[in-house]
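here's my sequence, what's the structure:
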Amino acid sequence: MLIWGGIRYTTSAGDSNKVTAPKNTVLYAIVGLVVAILAYAIVNMVIDKFIRVIIHPTVKKEPR
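The predicted structure follows:
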């Protein structure tokens, strides 16, 4: 979607009616990527915390 929005923005030839939709497409694509990355990070963190508590409740994870 990010690439498609960029192509549409480039081919809009400065027409203000045609520029708004591609800008929104790029914005929503970026927001979607951020949401997906945050969801992955949160799920990974929660799973890591639960697995550590369930499998080895007294063992602490070593720093990387």
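
pull out the buried positions in the helix ranked longest in the chain.
Criterion DSSP state H: the longest helix present in the chain is helix 16-55. By 16 or more other C-beta atoms under 10 Å, the buried positions in helix 16-55 come out as Pro22, Thr25, Val26, Ala29. Bear in mind the C-beta positions are built from the backbone N, C-alpha and C, glycine included.

residue contacts, the first one?
Contacts for Pro22 were tallied using C-beta atoms under 8 Å, 6 or more residues apart in numbering; they are Gly5, Gly6, Arg8, Tyr9, Ser12.

for the third one, same thing?
Val26 sits next to Met1, Leu2, Gly5, Gly6, Tyr9 when contact means C-beta under 8 Å, 6+ apart.

what subset of these is buried?
Using 16+ other C-beta under 10 Å as the burial test, the contacts of Val26 include Gly5, Tyr9 as buried.

now stretch 51-60: mean pLDDT?
Mean pLDDT, stretch 51-60: 67.

next: stretch 36-43.
Over the span of stretch 36-43, the pLDDT mean works out to 97.

centre of the chain to the longest helix of the chain, how far?
When distances are taken as C-alpha atoms, centre = their mean, to the nearest Å, helix 16-55 is centred 3 Å away from the chain's centroid.

widest-spaced pair of the buried residues of helix 16-55?
Pro22 and Ala29 (10.4 Å; C-beta to C-beta).

closest to Leu38 out of the contacts of Pro22?
Out of the contacts of Pro22, the member with the shortest distance to Leu38 (by C-beta to C-beta) is Gly5, at 21.0 Å.

helix, strand or coil for that closest one?
For Gly5, the secondary structure call by DSSP: H, G, I helix; E, B strand; the rest coil comes out as helix.

that one against Ala29, yeah?
Yes. If you go by C-beta atoms under 8 Å, Gly5 and Ala29 touch, sitting 6.1 Å apart.

contacting residues around Asn24?
Applying C-beta under 8 Å, 6+ apart to Asn24 gives the contacts Gly5.
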